[in-house]
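Asker: Here you go, sequence then predicted model.
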Amino acid sequence: MLVDIRKYQSEIPFCDYVIISSGINDIYKNRTPLDELIRFSVGFYDECARTCPRTKFIYMSLLQTNTEWANNLTDDFNTYIFELSLRYPNLLFYDNYQLVNREILLEDGLNINDIAVKFIAKSLVRAVTNLSICYNDPSDPWPLRPSFARKALAFKSEAFD
């Protein structure tokens, strides 16, 4: 669960990368309200940005499901974390949105199957490897849905004005 990441906080300063993967169960199964999960994330990243400025935090987006209510929560949380990543230079949003065909790769409408897990893992390893080679510039292999890409471009252009 996402909130369990604090268990590993003492180890984070020694890491080059921390990959954060969570799922709809962070919101649904534990009945954690979305605003509480957002407050937790903001507090965690605020603290980590100060105490671990050289560590890159890669947040993997929540995946869409076959359930509308879950997708609404997923979209809200992903949008918030993506926008948070624009404010923190060491937080990168890794968007699984276009990587997984949810109709084929969801076992029960909520959970991805082993093929999807392996595909996402290989894709993430390739992207992080390229990231470390390209001097921390998430570009070509870094997946981002079109609406987020437009927001990122707008944010970058505002920063240079």
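Answerer: Yes, it's here. As the structure is a prediction and not an experimental result, all values here were calculated from the model. Numbers count the residues shown, from 1 in each chain.

Asker: next one: the helix or strand containing Ala116 to chain centre, how far?
Answerer: Taking DSSP states H and E as the definition, Ala116 sits inside helix 114-133. Helix 114-133 has its C-alpha centroid displaced from the chain centroid by 13 Å (Cα atoms, centre = their mean, to the nearest Å).

Asker: list the buried ones in it?
Answerer: 116, 119-120, 123-124, 127-128, 131 (16 or more other Cβ atoms under 10 Å). (Each C-beta comes from the backbone N, C-alpha and C, glycine too.)

Asker: How about stretch 57-74?
Answerer: 57-65, 70-71, 73-74.

Asker: Just put the residues you listed in JSON lines and tack on secondary structure and distance to Pro33.
Answerer: Converted to JSON lines, the buried residues of stretch 57-74 look like this (DSSP: H, G, I helix; E, B strand; the rest coil; distance: Cβ to Cβ, whole Å):
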{"residue": "Phe57", "secondary structure": "strand", "distance to Pro33": "23"}
{"residue": "Ile58", "secondary structure": "strand", "distance to Pro33": "25"}
{"residue": "Tyr59", "secondary structure": "strand", "distance to Pro33": "19"}
{"residue": "Met60", "secondary structure": "strand", "distance to Pro33": "21"}
{"residue": "Ser61", "secondary structure": "coil", "distance to Pro33": "19"}
{"residue": "Leu62", "secondary structure": "coil", "distance to Pro33": "15"}
{"residue": "Leu63", "secondary structure": "coil", "distance to Pro33": "20"}
{"residue": "Gln64", "secondary structure": "coil", "distance to Pro33": "20"}
{"residue": "Thr65", "secondary structure": "coil", "distance to Pro33": "18"}
{"residue": "Ala70", "secondary structure": "helix", "distance to Pro33": "14"}
{"residue": "Asn71", "secondary structure": "helix", "distance to Pro33": "17"}
{"residue": "Leu73", "secondary structure": "helix", "distance to Pro33": "10"}
{"residue": "Thr74", "secondary structure": "helix", "distance to Pro33": "14"}
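
Asker: Export those residues as JSON lines, with columns for distance to Phe14.
Answerer: Output for the buried residues of stretch 57-74, formatted as JSON lines (distance: Cβ to Cβ, whole Å):
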{"residue": "Phe57", "distance to Phe14": "14"}
{"residue": "Ile58", "distance to Phe14": "16"}
{"residue": "Tyr59", "distance to Phe14": "19"}
{"residue": "Met60", "distance to Phe14": "21"}
{"residue": "Ser61", "distance to Phe14": "26"}
{"residue": "Leu62", "distance to Phe14": "27"}
{"residue": "Leu63", "distance to Phe14": "29"}
{"residue": "Gln64", "distance to Phe14": "34"}
{"residue": "Thr65", "distance to Phe14": "35"}
{"residue": "Ala70", "distance to Phe14": "35"}
{"residue": "Asn71", "distance to Phe14": "37"}
{"residue": "Leu73", "distance to Phe14": "33"}
{"residue": "Thr74", "distance to Phe14": "32"}
